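Q: Fold the following.
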Amino acid sequence: MHRIFQTFIDSLAASSDERALRLTMEAAAAAVDLACFAYLALPRAAGSGARLISNYPTAWTTHYLQSHYERLDPVIAQALSNPEPFEWGPGVTPSTLSPQQLELLDDAAFFGIRYGFTIPIHDGRGPIAAITYASQERGPVFQRCIERNGRVLQLMALYFHAHARRKVVTDRLVDGVALSPRELECLEWAARGKSAWDIGQILGITRRTAAFHLDNAKAKLGVHSICQAVARLAASRPHAE
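A: Sure thing, here's the model as predicted:
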């Protein structure tokens, strides 16, 4: 398992887009006898859509996203309310589901998504994402994998989320202004009091490159100083209750 996990970490670091991330998680899941996975990043803003990286059948994922099923999905509902990993499926999922939720699960089962092990990902402001490893049946292979590797699967989920958030699913809007992932990343470190040199050391880039991204962020936000850009960033983020 150590070799599988190290290969997974190395591949994540080399992944630069959604396809590479999907293939990395797919390979790691298959190495522990889990055929299907789905990473769902929940929308932060009202009216926004969820972001999905998955090797589920495309016909199902397209229908799921277009129908905004994340608002109805009982698995996501449980992930929203409880940060602990959980199993779900016939005989496991609570029976108090609405007819619409039961229909959703039946539709998923048609595509081979009948049982699952879901890992909610929460931060200081609440639930932000979830990763599910799914199967057609709750057989001995699936059960053995979850029992033996549950903690490692949690770590994989957290690492995957960190890379996906930085590389492909980060909310890049600051007061309605779209920033590149690197511009936003540099600005967020600046908001923590880091200088361009510090940011370069943290991100593995030169001070000049970090300053370049910060200058671009300032220009896009129409401000003249990092302090003003950081203030715009802070004002655009919801605060914890």
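
Q: Low-confidence bits of the chain, can you list those?
A: Within the chain, the stretches with pLDDT under 70 are 44-49, 125-126, 169-172, 237-241.

Q: which secondary structure elements does the longest helix along it contact?
A: Counting by DSSP state H, the longest helix found in the chain is helix 140-164. Helix 140-164 sits against helix 2-14, helix 18-31, strand 36-41, strand 115-123, strand 126-135, with contacts defined as 3 or more C-beta pairs under 8 Å, 6 or more residues apart in numbering; DSSP states H and E. The way it works is simple: take the backbone N, C-alpha and C, and place the C-beta from them, glycine included.

Q: just how off-centre is the second one within its chain?
A: Between the mean C-alpha point of helix 18-31 and the mean C-alpha point of its chain there is a distance of 14 Å (C-alpha atoms, centre = their mean, to the nearest Å).

Q: Likewise for the shortest one?
A: On the basis of C-alpha atoms, centre = their mean, the separation between the geometric centre of strand 36-41 and that of its chain is 8 Å.

Q: Kindly report the same for the first one.
A: Here the centre of helix 2-14 is set off from its chain's centre by 17 Å, with C-alpha atoms, centre = their mean.

Q: Give me the angle between it and helix 140-164.
A: Helix 2-14 and helix 140-164 are oriented at 30 degrees to each other (axes from the mean of the first three to the mean of the last three C-alpha atoms, to 10 degrees).

Q: tell me the angle helix 2-14 makes with helix 18-31.
A: Using the same axes, to 10 degrees: helix 2-14 against helix 18-31 is 180 degrees.

Q: Helix 2-14: which residues count as buried?
A: Residues of helix 2-14 classed as buried by neighbour count (16 or more other C-beta atoms under 10 Å): 4-5, 8-9, 11-12.

Q: Turn those residues into TSV, including distance to Tyr133.
A: Formatted as TSV, the buried residues of helix 2-14 follow (distance: C-beta to C-beta, whole Å):
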residue	distance to Tyr133
Ile4	14
Phe5	15
Phe8	13
Ile9	18
Ser11	17
Leu12	17
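
Q: sorry, back to before: hey, what's the angle from the longest helix of the chain to strand 126-135? Just curious.
A: 140 degrees.

Q: Among the buried residues of helix 2-14, which one sits closest to Leu173?
A: Of all the buried residues of helix 2-14, Leu173 sits closest to Leu12, with 25.2 Å by C-beta to C-beta.

Q: now the residue nearest to that closest one when sequence neighbours are not counted: how far from Ala41?
A: The shortest distance from Leu12 to any non-neighbouring residue, by C-beta to C-beta, 6 or more residues apart in numbering, is to His163 (4.8 Å). His163 sits 12 Å away from Ala41, going by C-beta to C-beta, to the nearest Å.
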